[in-house]
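Student: coords please:
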Amino acid sequence: MTVERLFADTNLFLRYITNDVPKQAQAFEALLKRAGRGELHFVTHPLVIAEIVWTLESYFGLPKEDIMNKVLAILNTPGLEVSDNEIVLQAILWYVEKNVDFIDAYSAAWMFRRDIRKACSFNSKHFGRFEGVETWIPGERD
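Tutor: Below you'll find the predicted structure:
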């Protein structure tokens with residue numbers, strides 16, 4: 001028997017996490033239970049996680065630690081596959097630990113995974129928080 005694979009969009013997670021539309025949260029919860037039983041398989045990607053983080057932070061005003069816990073729960077959901085799971089995991093941990101934007105944390109985790117230790121950016125403040133990463137600021141030493 002082939003298990004149906006479905007892309008899970010950001011709004012599914014946001015409805016479930018925030019319960020701001022209870023009927024939709026319950027509908028997705030029912031599907032997650034089916035996925036947990038192996039009846040279907042959800043797949044999503046890091047941009048969805050980034051949108052979740054951004055929305056929970058900017059719109060819902062949640063603290064970084066709460067957001068991290070919600071993302072960790074997503075990463076550990078049975079029947080759900082997040083592509084580049086290891087990079088997302090490192091990014092969400094650094095997001096809190098280094099107090100940087102999630103995208104900067106993801107970029108640093110992505111760089112480390114590819115053995116890149118120099119970032120070309122005008123944002124030396126955030127990249128400077130990652131040990132072993134050098135920031136090259138255009139115009140300062142070209």
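Student: Spatially central residue for this protein, please.
Tutor: Nearest to the mean C-alpha position of the chain, counting by C-alpha atoms, centre = their mean, stands Ile49 at 3.4 Å.
Student: give me phi/psi at that residue?
Tutor: With angles defined as degrees, to the nearest 10, Ile49 sits at phi -60, psi -40.
Student: Not including adjacent chain positions, what is the nearest residue to it?
Tutor: Nearest-residue entry for Ile49: Val88, 5.4 Å, with adjacent residues in sequence omitted and distances by C-beta to C-beta, 6 or more residues apart in numbering. Quick note: C-beta positions are derived from backbone N, CA and C, even for glycine.
Student: Domain parsing of the chain, as residue ranges.
Tutor: 4-83, 100-142 (automatic domain parsing).
Student: Stretch 15-23 - what's its average pLDDT?
Tutor: This predicted structure assigns stretch 15-23 an average pLDDT of 97.
Student: hmm, back to that, in a helix, the residue nearest to Ile49, correct?
Tutor: Yes: when DSSP: H, G, I helix; E, B strand; the rest coil is applied, Val88 is found to be in a helix.
Student: circling back to that earlier point, any idea which of the domains of the chain gets closest to Leu93?
Tutor: Distances from Leu93 to each of these were compared by C-beta to C-beta, and the smallest falls on domain 4-83, at 7.1 Å.
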